[in-house]
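Enquirer: sequence unavailable; structure follows:
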């Protein structure tokens, strides 16, 4: 399109940012109005995207990091002909895919971006996929707000994009000066944004964000820049084109008072159609070699840390499946992701100590069709919790491996001990929580993770633990294992991870005293094996749960939820870490916080002395 046509398209985008918000009586039209010219030039002259094949690997990607400007995105969809004018006006209605902030319910939206500061880090993952894995000339365009530049995750992304020389990544920074409650930290001082970006190794271009010719030239310059990403710092006006709201505070997140007058001021409604260029025909993504799956095998009685079994199993999975990618947060020699890195260096990405970028990159890789496994200490996933939460809204299949869980890590102390992670991930929609106790079980579950839907979390251990399962035994998500049982069982002990081994020791002690005990390895905490737990409850009437985790939201609470509808409610005792732990040897800490074999045996003895509850 020429400059006159681009200006008209920008005006259409402003009008179509106002109309759906007016129909919904809510939304963020002024945020879309500031970026309308930026998007008009992009979709008309630079974006390469086949709307009939949104999954196509050769497509460019457009990420609205400022997801609240969703009416502008939907205005684009109307202009390119994939939604009707009638559908545009269903914005924010229950049942409409055009929600207040975009989600992948919409076929042309890859990720949910309602939480600010996530679009660019995810864009880094998409850029990695295109450049390093697919090896295609597709580009990632990120529309970014100036307010969200205050988020630390944005600067993690700036650093990583520069480190990986993502010259296929362009950030379009909409500097409209006004945030939700007033002026941003930097206002219209675009030079500050540009200099900061340059300090991170980016190419930066400052422009007037309403001059379509400057915008067009800047996009061309970004496309021609090699070896580093580009940020286009565009000075814009919030509410551009409507005097009642233009550059005025107090209009963020509000429909206009008089939308008809505003539309008239902008020249009225238009029906310009845009033919977006398609990517080059015949561009095929790179594919990595594949072979048979040969998981590591461990002998019963061997002492092997489940974190090491994770690394060895992941490397084997990578040899069998060319779509498997691994990322780590600079602890790969502890999580053992380094084994994958050495076996498959082209499919391993170091995210350094930047857990938000770690998760975001995994989400971006998933959006480009790659099967990403991300690992760090389980405790450090807490720093990226909002990214995990948003990943569920993005409907991604995310694979997370958290090592060094619980007090069993020993001397490192409480800052390194994940004691809230089971509860946190259980609370995520679509999540799966797995906690294996031995190496063979871990290896099988790693393979299962690759095809499991949702946010899948594998909790691994620092210390070596004995192998108790044969290498040929199968483990399914949602299952458990009954390790000890008899018709005379008087109490059930339920553990996961390190506490399975403590439960078995306790069972040996109790059986030596004439007390029959059922032991369940609850390796799948969510989804949980309700049938096995209910059968144990009915058979024994007494249950001791034991976990290397705080008592809230962990194994004990998961078991109680599974037993909620049992006719005769069992007496349940929850053993968990109930104090803030300190440094010490693992065995000292397990005993000090009441989750070792001695503590389990004592709880079981006490429970058997008490009468079984009846309905």
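Expert: Received, thanks. Only a predicted model underlies this, so the values are computations on that prediction, with no experimental measurement involved. Residues are numbered from 1 along each chain as shown.

Enquirer: how many residues are close by the nearest residue in space to residue 486 that is not next to it in sequence?
Expert: Take residue 486 and drop its neighbours on the chain: the residue closest to it by C-beta to C-beta, 6 or more residues apart in numbering is residue 516, 5.2 Å away. C-beta coordinates here come from the backbone N, C-alpha and C atoms, glycine included. Residue 516 sits with 17 neighbouring residues when counted by other C-beta atoms under 10 Å.

Enquirer: so residue 516 makes contact with residue 492?
Expert: No - Residue 516 lies out of contact with residue 492 (C-beta atoms under 8 Å); the separation is 10.5 Å.

Enquirer: gap between residue 496 and residue 595?
Expert: For residue 496, the distance to residue 595 equals 11 Å [C-beta to C-beta, to the nearest Å].

Enquirer: kindly report the same for residue 266.
Expert: 66 Å.

Enquirer: which one's more surrounded, the two?
Expert: Neighbour count, other C-beta under 10 Å: between residue 266 and residue 595, residue 595 has more, with 28 against 22.

Enquirer: so the more buried one touches residue 547, yeah?
Expert: Yes - using C-beta under 8 Å, residue 595 is in contact with residue 547, at 7.0 Å.

Enquirer: overlap in contacts, residue 496 and residue 595.
Expert: Common neighbours of residue 496 and residue 595 (criterion: C-beta atoms under 8 Å, 6 or more residues apart in numbering): residue 547.

Enquirer: need the strands for the stretch 101-250 of the chain, in chain order.
Expert: Remark: strands assigned in the stretch 101-250 of the chain by DSSP state E, counting those that start in this stretch are 140-145, 169-175, 203-208, 230-235.

Enquirer: can you list contacts of the first one?
Expert: By C-beta under 8 Å, 6+ apart, the list of residues contacting strand 140-145 from outside reads 31, 35, 38-39, 42, 46-47, 60-66, 68-69, 116, 119-120, 123, 126-127, 130, 154, 166, 168-174, 176.

Enquirer: residues near residue 470, how many?
Expert: Other residues within reach of residue 470, judged by other C-beta under 10 Å, total 11.

Enquirer: now residue 221
Expert: Using other C-beta under 10 Å, residue 221 has 15 other residues around it.

Enquirer: once you drop chain neighbours, what's closest to it?
Expert: In this structure, residue 221 finds its nearest non-sequential neighbour in residue 205, 6.0 Å apart by C-beta to C-beta, 6+ apart.

Enquirer: again, but for residue 488
Expert: Per C-beta to C-beta, 6+ apart, closest to residue 488 is residue 516, 4.5 Å.

Enquirer: check residue 82 too.
Expert: Nearest residue to residue 82, sequence neighbours excluded (C-beta to C-beta, 6+ apart): residue 51, at 5.1 Å.

Enquirer: now the one you found: which helix or strand?
Expert: Under DSSP states H and E, no helix or strand contains residue 51.

Enquirer: just the pLDDT for it.
Expert: Note on residue 51: pLDDT of 97.

Enquirer: so what's it up against?
Expert: Residue 51 sits next to 80-82, 108, 276 when contact means C-beta under 8 Å, 6+ apart.

Enquirer: scan these and report the most crowded one.
Expert: Of the contacts of residue 51, with other C-beta under 10 Å as the count, residue 276 tops at 20 neighbours.

Enquirer: that one and residue 82 touch, don't they?
Expert: No - Residue 276 lies out of contact with residue 82 (C-beta under 8 Å); the separation is 9.9 Å.

Enquirer: the helices in the stretch 401-550 of the chain, which residues?
Expert: Remark: helices assigned in the stretch 401-550 of the chain by DSSP state H, counting those that start in this stretch are 421-426, 439-449, 498-512, 530-540.

Enquirer: same for the third one, what does it pack against?
Expert: For helix 498-512, the elements it packs on are strand 464-466, strand 481-484, strand 491-495, strand 517-521, strand 542-546, helix 597-609, judged by 3 or more C-beta pairs under 8 Å, 6 or more residues apart in numbering; DSSP states H and E.

Enquirer: and the second one, what does it pack onto?
Expert: To tie it back to what came earlier, the one meant is strand 481-484. Strand 481-484 is packed against helix 498-512, strand 517-521, with contacts defined by 3+ C-beta pairs under 8 Å, 6+ apart.

Enquirer: sorry, back to before: widest-spaced pair of the contacts of residue 51?
Expert: Within those, 81 and 108 form the most distant pair, 11.6 Å apart (C-beta to C-beta).

Enquirer: pick the most deeply packed of the helices and strands packed on helix 498-512.
Expert: Most buried of those, by mean neighbour count (mean count of other C-beta atoms under 10 Å): strand 491-495, with a mean of 29.

Enquirer: of all the helices and strands packed on helix 498-512, which one is nearest residue 244?
Expert: With C-beta to C-beta as the measure, strand 542-546 is the member of those nearest residue 244 (61.3 Å).

Enquirer: quick one, that closest one and helix 597-609 angle?
Expert: 160 degrees (axes from the mean of the first three to the mean of the last three C-alpha atoms, to 10 degrees).

Enquirer: need the next SSE after strand 542-546, C-terminal direction.
Expert: Remark: after strand 542-546, the chain's next helix or strand is helix 555-562, criterion DSSP H and E.

Enquirer: by contact count, what packs against that next one?
Expert: Partner elements for helix 555-562 (3+ C-beta pairs under 8 Å, 6+ apart): helix 421-426, strand 491-495, strand 524-526, helix 530-540, strand 542-546, strand 571-575.

Enquirer: out of the ones you listed, which is the most enclosed?
Expert: Here the criterion is mean neighbour count by mean count of other C-beta under 10 Å, and of the helices and strands packed on helix 555-562 the winner is strand 491-495, at a mean of 29.
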